[in-house]
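S.K.: Here's my sequence, what's the structure:
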Amino acid sequence: MGCRESVARRDGRKRPPQQAAATGEEETPMGGDLHSVQQEVPGACGMCGQAKELFELPGRAEKLCLACSADLATAVVLRTEIDSATWAGQDAGDMVAEFAELSRQMLTRAQSAAALGSW
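M.R.: Numbers count the residues shown, from 1 in each chain. Below you'll find the model as predicted:
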């Protein structure tokens, strides 16, 4: 592993290896090799297929990018509000139009991802 100059204690302070071994503290090697740190590579969005940071929505198995997850969450809220307005006998025309436009945008994004994936 290489030579250890110091050992980290649980409280973050460092002690020489001999002193840490004498006190029975758990040793943690202090390495300076940043190449050993693995970074998580973003996956592909479940809707648009782009490689971006992904997010999980409650009750959904797929992970989506920020834009797709925001659109999906907005669609869920709009659907709920449309249902509530309809049951209350209120006009939901504006919300229905917004839901239709949002759905069209989401479908276009998903179809574009599917077309690119078939190349």
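S.K.: mind checking how far residue 51 is from residue 113?
M.R.: Relative to residue 113, residue 51 is positioned 11 Å away (criterion: CB to CB, to the nearest Å). Using the backbone N, CA and C atoms, a C-beta is placed for each residue, glycine as well.
S.K.: Return every residue with contacts to both of these two.
M.R.: Shared contacts of residue 51 and residue 113 (CB atoms under 8 Å, 6 or more residues apart in numbering): residue 45.
S.K.: Which one of those two is surrounded by more residues?
M.R.: Each of residue 51 and residue 113 had its neighbours counted (other CB atoms under 10 Å), and the higher figure belongs to residue 113 (17 against 11).
S.K.: That one contacts residue 48, doesn't it?
M.R.: Yes. Applying CB atoms under 8 Å, one finds residue 113 in contact with residue 48, separated by 4.8 Å.
S.K.: which stretches of the protein form helices?
M.R.: Counting by DSSP state H, the chain has these helices, from start to end: 17-23, 66-87, 93-117.
S.K.: Mean pLDDT added to these, as TSV?
M.R.: What follows is these, written out as TSV (pLDDT from 0 to 100):
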stretch	mean pLDDT
helix 17-23	54
helix 66-87	95
helix 93-117	89
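S.K.: Dump those to CSV, plus distance to residue 58.
M.R.: Listed next are these as CSV, based on distance: least, CB to CB, whole Å:
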stretch, distance to residue 58
helix 17-23, 45
helix 66-87, 10
helix 93-117, 19
